[in-house]
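> coords please:
(chains A and B)
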Protein chains: 2
Amino acid sequence: MSLRLGPGGEFDRIRAITAALGERAAGLGDDCALLPAAAGSLAVSTDTSVEGVHFRLDWIGLREAGGRAAAAALSDLAAEGADAAGVLAAVVVPRGSSESELVELMLGVGDAAAAAGARVVGGDLTQADGGWTIGVTVLGWAATPVTRAGAGPSDGIWVTGTLGGARAALEAWLRGAVPEAAAREVFARPVPRLAAGRWLASHGARAMLDLSDGLAGDADHLAAASGVALELELELVPVHPSAIAEARRLDLPVQQFAAEGGEDYELLVALPPEFAEAESREFERACGLALTRIGRAERGRGVHARLAGRPLALRGFDHFR
Amino acid sequence: MSLRLGPGGEFDRIRAITAALGERAAGLGDDCALLPAAAGSLAVSTDTSVEGVHFRLDWIGLREAGGRAAAAALSDLAAEGADAAGVLAAVVVPRGSSESELVELMLGVGDAAAAAGARVVGGDLTQADGGWTIGVTVLGWAATPVTRAGAGPSDGIWVTGTLGGARAALEAWLRGAVPEAAAREVFARPVPRLAAGRWLASHGARAMLDLSDGLAGDADHLAAASGVALELELELVPVHPSAIAEARRLDLPVQQFAAEGGEDYELLVALPPEFAEAESREFERACGLALTRIGRAERGRGVHARLAGRPLALRGFDHFR
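Okay, the predicted model is just below:
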């Protein structure tokens, strides 16, 4: 692909990115990205990953950092029941870093976009003091968008996949150890649940969000937006195998460890009461992913979690705590 | 407007922003912003403003910094001939800053969105060490999108408004002086030329871009994308009145000063040869803005600027220089 840009260091970098991404990018270098309108609603989300806050480069590589930043944003499209059409990456590049480092980071963004069925269609480059900052904006189309606000009393509350894997990796790194490979994979290469989100949206999902801040942090938002209480049975929370040993080190029940861990990017979804185990097996066949009922919505407000028959106050993750 | 969000410091801030923005915001707090599809192509652009790189808070206030960041992104929609529908703001907030500072910044984003006919529909908040970083993504619809790539030989090259005002403010600040009010206004409160961009798109514009890096920096991109040479007569460049004194201090011809200054956010547009002074007066009546012919496209490549009958090599602004 040949890109006709004027001279300048910034445009040399855009040329290098375009060459490296190949089919994973389209239409870079104009003032705007252009996308044809499609049916349904346009869903858009933006998400920022900051070195030292969201990732460390002694933990993961630049390509993984780029992929993870894109996956985190794409996960918001999944939570809306949307597909992924375009990805824009606004990168603040540390002064003194090389063009090949930037290309490496953008390859991660391009990989994540391509895996989601999207392309990198635009972005922005700025050079500044400090570490890498990756702002990713994603665009997609939703035939039946699912917000956080539609859960009603007696809806079932379900979660995809398993929780606690990303936290298991994080806890290992924080104590100076090497995480288990499976846990590292969840942290370094999260998979946005786009097909799962669309399946759920087309099978009656009433409210949905993605667990970026963890079940403990995010369930409250679904409850508040829907105006319901969520009654969660933590014994039912599906835990990542790597969470067991890390939870034991912290002397926490593994379900609490998993519920309080962030960045698994699984979906939390309210489904009508008639959605049952048979439907969840259909989901698993279609999406290759577990779907587990962990509680239900009730009249009231807030999230009420129980473990071993007792109420347990969960702590979520909050950047502004 | 009441916003149903769960607890947490980040959500307290989103609530405060939503309350302050009122009608200037819509639908904040879900995973995605949702916009109905409209006719034409979707145009999207993302732009990052970094404290210390793009602005300094001893020069302009936080509300101006937010407005300026949004205006810079909205200007890309203008350059595509699009309208403005939605604005997303991803803000990296310095550790230790207050909620009211963030609200102040976001009021600037909201003002710029409202002035452009758009709303703030989403965003992201992250706390980190260092200064403010404002990533703005803008969305709009273009009936007849105008890229940088359509100029042909013998098209006229035109520019809206006047150039050099933002640089006049910048040069004054850099030497420790107070800029003239009119120059400060251009720097602190740039006006994205959205109505002008749409008027030009619907009156035959073949190629267009906005002058964020200045005529010297950006004309090359139009020439390269279109595969033409641009012959510019710098005597014809409309200069901002405040540029005269600052150019004299630097011992530069004022047209060179204006052409090499960035961040005026005027539009550079290639119009067919039959577009003449009569049409430009029609533009001025419709848009309340000057439209000045400064040269023409020719077969060839590159930008060839002449001043006082002699070729002049212009220097553009490049973050990666």
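> get me the contact residues on the stretch 151-300 of chain A for chain B.
Contact residues, the stretch 151-300 of chain A versus chain B (C-beta under 8 Å from any C-beta of the partner chain): A:208-210, A:217-227. Any C-beta I mention is one placed from the backbone N, CA and C, and that applies to glycine too.
> swap the cut-off to 6 Å and go again
Counting by C-beta under 6 Å from any C-beta of the partner chain, the stretch 151-300 of chain A comes close to chain B at A:209, A:220-221, A:224-225.
> and which of the residues you listed is nearest chain B?
The closest of these to chain B turns out to be residue A:220 (C-beta to the nearest C-beta; 3.0 Å).
> that closest one: neighbouring residues, count only.
Applying other C-beta atoms under 10 Å in any protein chain shown, we find 22 other residues in the vicinity of residue A:220.
> looking at it now. What's its pLDDT?
We have a pLDDT of 94 for residue A:220.
> again, but for the one 4 residues further on
Residue A:224 carries a pLDDT value of 95.
> ok, the closest residue to residue A:280 other than its chain neighbours to chain B distance?
Spatially, and ignoring its direct neighbours in sequence, residue A:280 is nearest to residue A:291 (4.4 Å; C-beta to C-beta, 6 or more residues apart in numbering or on different chains). Separation of residue A:291 from chain B (C-beta to the nearest C-beta, to the nearest Å): 18 Å.
> quick one, helices of chain A?
Along chain A, the segments classed as helices by DSSP state H run A:9-21, A:62-80, A:99-115, A:165-174, A:181-188, A:194-201, A:214-226, A:243-249, A:254-259, A:277-287.
> any idea which of those is most buried?
helix A:62-80 (a mean of 28; mean count of other C-beta atoms under 10 Å in any protein chain shown).
> end to end on stretch A:123-140, go ahead and measure it.
Separation of the first and last residues of stretch A:123-140 by C-alpha to C-alpha, to the nearest Å is 16 Å.
> so is it next to chain B?
Yes. Residues of stretch A:123-140 are located near chain B by C-beta under 6 Å from any C-beta, namely A:124, A:126-128, A:130, A:135, A:137.
> buried sites along that stretch?
In terms of neighbour count (16 or more other C-beta atoms under 10 Å in any protein chain shown), stretch A:123-140 has its buried residues at A:123-128, A:130-140.
> one more: stretch A:36-45?
Across stretch A:36-45, burial judged by 16+ other C-beta under 10 Å covers A:40-45.
> as JSON lines, those residues with distance to residue B:286 and pLDDT would be great.
Listed next are the buried residues of stretch A:36-45 as JSON lines, based on distance: C-beta to C-beta, whole Å; pLDDT from 0 to 100:
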{"residue": "A:40", "distance to residue B:286": "35", "pLDDT": "91"}
{"residue": "A:41", "distance to residue B:286": "33", "pLDDT": "94"}
{"residue": "A:42", "distance to residue B:286": "29", "pLDDT": "96"}
{"residue": "A:43", "distance to residue B:286": "35", "pLDDT": "97"}
{"residue": "A:44", "distance to residue B:286": "31", "pLDDT": "97"}
{"residue": "A:45", "distance to residue B:286": "36", "pLDDT": "97"}
